Each structure stands twice: as structure tokens, then as C-alpha cells.
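> Requesting a structural model of the entry that follows:
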Amino acid sequence: MKKIAIGIMSQEKIRERMLAIAKGEYKPKSGEPKIWFTSMKSLAEVLSDENRALLKTIRDTHPESITGLAAITGRKPGNLSRTLKTMSNYGIVEMRRENRHVRPIVNATEFQILAA
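All right, here's what the predicted structure looks like:
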């Protein structure tokens, strides 16, 4: 499993960086974060101890659906769905549609955090 680099920077700095990249004024280096948070607090909410344990459970058990994951973890499907959607927005989890189910797939369980 690969390690994902995560950056922490103010919203204004993130916007400036994205505009510079879009204009071709700045080319990100290979090791730079692709996922950005505006504060340690928001990062801590997404990568809480409970959510990191959830990532490890998904990695180890390979559940077929969110309902299956709910049965394994004892959490409610609606709660899991919201949590996984948030992680999916950051690229930490992939939500793959298979038949009539949505299967969660973990992209990383290790993170390198860089604060700017």
C-alpha cells in the first residue's frame, strides 16, 4: 500500500498554488502533496483514530459493500457512507460501483503530513 503525502496550508495559499499550476507558472514536484487541508483540525477529523482503524479494517477484510462493512464494524451504514464519501473526496478511499453495491477500496493507510 502506498503512502499518501498530505499538506496543510491556508485556503488562500492553496488557491494561489492552484492558480499558479493552472497558469503553468508552477510545476509540482513528484513528492509534493496532492491532498491539501486548511488546518490540522480538519485533517484530524478525517484521519481520526476511528477512521484510520476503519481504513485498516477495509484493507484487511475487503468488504463487498458498505452494508457488509457496517456488519463487520458495528457502525450504521448511513454513518459509514458519509465518512467514506468524505475520504473519497480526498482520494483516500475509492468507492467502486459493482453490480448493485458500492464497494469501498482503500488507497492508502500510511500518510506523510507536511505543514506549510
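> use CA for all of it now, contacts and neighbours both
Will do.
> Can you check the pLDDT for the spatially most central residue of the chain?
The C-alpha lying nearest the average C-alpha coordinate of the chain belongs to residue 92 (CA atoms, centre = their mean; 2.7 Å). With respect to pLDDT, residue 92 has a value of 94.
> Double-check it against residue 104; I have them as touching.
No - with contact defined as CA atoms under 8 Å, residue 92 and residue 104 do not form a contacting pair (10.3 Å).
> residue boundaries of the helices in this structure?
11-23, 40-46, 49-61, 66-73, 77-89 (DSSP state H).
> for the residue of the chain most remote from its centre, phi and psi?
Largest separation from the mean C-alpha position in the chain: residue 25, at 27.5 Å (CA atoms, centre = their mean). Reported as degrees, to the nearest 10, the phi and psi values for residue 25 are phi -80, psi -20.
> cool, and the one 5 residues further on?
Residue 30 adopts backbone torsions of phi -60, psi -30, taken as degrees, to the nearest 10.
> how about the closest residue to residue 115 other than its chain neighbours, what does it touch?
Spatial nearest neighbour of residue 115, excluding adjacent residues (CA to CA, 6 or more residues apart in numbering): residue 8 at 4.7 Å. With contact taken as CA atoms under 8 Å, 6 or more residues apart in numbering, residue 8 is in contact with 36, 37, 38, 39, 40, 113, 114, 115, 116.
> Using CSV, please lay out these together with pLDDT and distance to residue 59.
Formatted as CSV, these follow (pLDDT from 0 to 100; distance: CA to CA, whole Å):
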residue, pLDDT, distance to residue 59
36, 93, 23
37, 94, 24
38, 93, 27
39, 93, 27
40, 94, 25
113, 92, 21
114, 90, 24
115, 86, 27
116, 70, 30
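> Pull the residues that contact stretch 63-74.
Outside stretch 63-74, the residues that reach it (CA under 8 Å, 6+ apart) are 54, 58, 76, 77, 80, 81, 101, 102, 103, 104.
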